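Participant: Here is my input, please return the structure:
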Amino acid sequence: MVEHDSLALDTIFHALGDATRRAMLGELAKGERSVGELAAPFAMSLAAASKHIKVLEGAGLIRRDVRGRTHVCSLDPAPLMSADQWLGIYRRFWTGRLDTLEQLLRAEGAAPPPKPPLPAKEGE
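Facilitator: Below is the predicted model:
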């Protein structure tokens, strides 16, 4: 079993737990973006966007470079791979369970359908 740094995973999943931050990561998956570009789709100030970015930076999910007066962010996928490895343990569990369910359903489908009960006779 892969050993995982619990604090690092907690930080990553905390960062991913917010829809705004997930959307920001989605944009960064397409390429570098400035803080202003990351904030633009949301009704928030640059200061609020910067707080979200700091959470993502703290989790190691993004890097921020200062180019003159512009702060440019880029995605760092390594922590996501760590989270994916952890999730993989549960993915294997559910895949096994779903495979078993599929086998049961196929076996049930191969058996003839049960006969409906006979109607009760009057007076019984």
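Participant: Counting residues, which helix of this protein comes out longest?
Facilitator: In the chain, taking DSSP state H as the definition, the longest helix is helix 78-110.
Participant: Return the set of buried residues in that helix.
Facilitator: Within helix 78-110, the residues scored as buried using 16 or more other CB atoms under 10 Å are P79, L80, S82, A83, W86. C-beta: built from backbone N, CA, C; applies to glycine.
Participant: Let me have those residues in JSON lines, extended by distance to M24 and pLDDT.
Facilitator: JSON lines is the format used below for those (distance: CB to CB, whole Å; pLDDT from 0 to 100):
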{"residue": "P79", "distance to M24": "14", "pLDDT": "92"}
{"residue": "L80", "distance to M24": "13", "pLDDT": "91"}
{"residue": "S82", "distance to M24": "19", "pLDDT": "88"}
{"residue": "A83", "distance to M24": "16", "pLDDT": "90"}
{"residue": "W86", "distance to M24": "22", "pLDDT": "88"}
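Participant: CSV please, covering these and showing distance to P117.
Facilitator: Below are the buried residues of helix 78-110 laid out as CSV (distance: CB to CB, whole Å):
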residue, distance to P117
P79, 59
L80, 55
S82, 57
A83, 53
W86, 50
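Participant: Show me which of those is closest to G31.
Facilitator: G31 has its nearest neighbour among the buried residues of helix 78-110 in L80, at 16.4 Å by CB to CB.
Participant: For the residue nearest to the closest one when sequence neighbours are not counted, which residues are in contact?
Facilitator: Excluding the flanking residues, the one nearest L80 by CB to CB, 6 or more residues apart in numbering is L61, at 6.8 Å. Going by CB atoms under 8 Å, 6 or more residues apart in numbering, L61 touches I12, A15, L16, L25, L75, D76, P79, L80.
Participant: Pull up the gap between L61 and M24, please.
Facilitator: 9 Å (CB to CB, to the nearest Å).
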